[in-house]
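Enquirer: Need coordinates for the following:
(one chain, ligands or ions: 1)
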Amino acid sequence: MKSDRTKKLQRLDKAHVWHPFTQMKEWENSDPLVIDKGQGSYLIDTDGHRYLDGVSSLWVNVHGHGRPEIDRAIKAQLGKIAHSTLLGLGNTPSIELAERLIKIAPKGLKRVFFSDNGSTAVEIALKMSFQYWEQKGFEGKRKFIAFTGAYHGDTFGSMSVGEIDIFVKKYRPLLFSAFRAPYPYCYRCPVGKNSSDCKTECLKAFEDMLKKHSGEIAACIIEPVFQGAAGMIVAPPGFLKAVRSLTKKYGVLLIADEVATGFGRTGRMFACEVENVAPDFLCLAKGLTGGYMPLAATLTTEKIYKAFLGRYEEYKSFFHGHTYTGNPLGCAAALASLEIFEKEKVIKGLGPKIELFKKLLERFDDLPHVGEVRQIGLVAGIELVKDKKTKESFPARSRVGYRACLSMRDSGVILRPLGDIVVIMPPLSVKKSELKKIVEAAYKGIKEITEVQ
Ligand SMILES: *Cc1c(COP(=O)(O)O)cnc(C)c1O
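Expert: Model (predicted):
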């Protein structure tokens, strides 16, 4: 039964709240859940129903909801000050967090520029790399190379390097152009190969572009190890390492967008560690605060930083900043989250959960409409197709992924798909029993919806 309070909130939501990435006509005709509380891996709605948060509240939550250590850290910071600016002033938690991030980040990263979301973390890396070359006297290096299927955020710069048509096509006339290299989405190979005749032609195409255009290219931006919004596309081992060595060879900076892959999702703290890669920029957001506060950071090297030094009137400063840059509450939450990582050896403890996750996912291959199951760490993408043989997709109007996920709510599990790719990305703190429940609900939901197609 729905309470009067729930009904009222739903009515007001539909009257006033415009939801992100949402066809509001569909929303207005839906029966939306209103989340009121969270506890561990669970979200609790206004009527007290509990749901497992199978996508970590859109890939952000790391240690579960209501973790006392993070709650306490935010409250303690509130007892001091909620916000002060980094424009012209320092603040305690941002200094402590910068030091702590540098300690755990890939080798060579020494400087931290704070902002408040993943898109801005990317904008900052794009602008810094552009300005770096300009100030080094290489004015021709003004472009970027990015990958097919990339997602880097929703601001204009980050959209320009992105390539998911439904997100960016409408805005193309306003975006700058970027070189586009094929990303190894091996299930649907961008260069038309299959596993038996693959000679990593995608890498060759990447190198050819660099060979021809490196004089025009400031930086390469990549989602290391797996592309998130494209559908949890896991690159074959060695790909990232090869991209790093090619960018080095051709004098192109490397921006690792770890907004989704960072903070343990791949089974390592950062995806770059999976292939022992050190980028020139590391973009962090989503899981940075454990999923408690909006905060982002762009890390870079001393080499980049030094190119911005000079006399004031040379105007070499990085003229960029956001009002809430380095917000103390966000930094306090991030410090508490990193403390949990360290104290509880979270990364080390993931092994058995990842093993179980892999095992639980095996049976999906038997479903007649599951084209591919991709998994790394505690992340999975299950691609649903109309025809397994031809890999033909379902028509967009049949809303298969969406309906499958809606039906999982009856089993007490919340997942949000990317088109017809069902995504599973629970908090790292998920219990084994909860993980089982999430995967079982996904199986049941997919089976139920695709069987009647
Ligand atoms: C989510 C995401 C972003 C954008 O982050 P926002 O905080 O939503 O602006 C950028 N890059 C990647 C890889 C992401 O997954």
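Enquirer: ok, the residue of the stretch 1-150 of the chain found nearest the ligand to Gly38 distance?
Expert: When distances are taken as CB to the nearest ligand atom, the stretch 1-150 of the chain reaches nearest to the ligand at Gly118, 2.1 Å away. C-betas here are computed from N, CA, C, even on glycine. Distance check for Gly118 against Gly38: by CB to CB, to the nearest Å, it reads 21 Å.
Enquirer: ok, which stretches of the stretch 1-150 of the chain are strands?
Expert: 35-39, 42-45, 50-53, 109-115, 143-147 (DSSP state E, counting those that start in this stretch).
Enquirer: picking that back up, got a list of what the residue of the stretch 1-150 of the chain closest to the ligand touches?
Expert: 152-153, 257, 259-260, 283, 285-286, 296 (CB atoms under 8 Å, 6 or more residues apart in numbering).
Enquirer: and it, what pLDDT?
Expert: For Gly118, the pLDDT comes out at 98.
Enquirer: Repeat that for Gln453.
Expert: 58.
Enquirer: going forward, begin numbering at 4 instead of 1
Expert: I'll keep to 4 as the first residue from here, and by that count the last item is Gln456.
Enquirer: Of the strands of the stretch 4-153 of the chain, flag the one that's most buried.
Expert: Comparing the strands of the stretch 4-153 of the chain by mean neighbour count (mean count of other CB atoms under 10 Å), strand 146-150 ranks first with a mean of 25.
Enquirer: Is Ile385 in contact with Val376, as I believe?
Expert: Yes - using CB atoms under 8 Å, Ile385 is in contact with Val376, at 5.3 Å.
Enquirer: Write out the residues of the stretch 4-153 of the chain neighbouring the ligand.
Expert: 120-122, 125 (CB under 6 Å from any ligand atom).
Enquirer: tell me which element the residue nearest the centre of the chain is part of?
Expert: Residue closest to the average C-alpha location in the chain (CA atoms, centre = their mean): Ala263, at 2.0 Å. Assessed by DSSP states H and E, Ala263 sits outside every helix and strand.
Enquirer: ok, it to the ligand distance?
Expert: Per CB to the nearest ligand atom, to the nearest Å, Ala263 is found 3 Å from the ligand.
Enquirer: ok, and the closest non-adjacent residue to that residue?
Expert: Of all residues not flanking Ala263 in the chain, Gly231 sits nearest, at 3.7 Å (CB to CB, 6 or more residues apart in numbering).
Enquirer: The one you found - how many residues pack around it?
Expert: 25 (other CB atoms under 10 Å).
Enquirer: Which of the residues of the stretch 4-153 of the chain next to the ligand sits closest to Tyr446?
Expert: Using CB to CB, Gly121 is the member of those that lies nearest Tyr446, at 30.5 Å.
Enquirer: picking that back up, what residues are shared contacts of Ile385 and Val376?
Expert: 364, 367.
Enquirer: neighbour count winner among these two?
Expert: For Ile385 versus Val376, neighbours defined as other CB under 10 Å are more numerous around Ile385 (30 against 20).
Enquirer: Bridged to the more buried one, which residues?
Expert: With DSSP bridges as the criterion, Ile385 is bridged to Val376, Val425.
Enquirer: dump the residue contacts of it.
Expert: 364, 367, 373, 375-377, 424-427, 445, 449.
Enquirer: got it, and Asn279?
Expert: Lys244.
Enquirer: That one belongs to a helix?
Expert: No - Asn279 sits outside any helix when classified using DSSP: H, G, I helix; E, B strand; the rest coil, being coil.
Enquirer: What confidence value was assigned to it?
Expert: pLDDT at Asn279 comes out at 98.
Enquirer: Report pLDDT for the nearest residue to Asp48 once chain neighbours are set aside.
Expert: Nearest residue to Asp48 in three dimensions, chain neighbours excluded: Leu36, at 4.8 Å (CB to CB, 6+ apart). Looking at Leu36, its pLDDT reads 97.
Enquirer: Now the terminal residues of stretch 184-199, how far apart.
Expert: Using CA to CA, to the nearest Å, one end of stretch 184-199 lies 22 Å from the other.
Enquirer: next one: stretch 25-33
Expert: Start-to-end span of stretch 25-33 (CA to CA) is 12 Å.
Enquirer: Name the residues that touch that stretch?
Expert: Contacts for stretch 25-33 (CB under 8 Å, 6+ apart): 17, 21-22.
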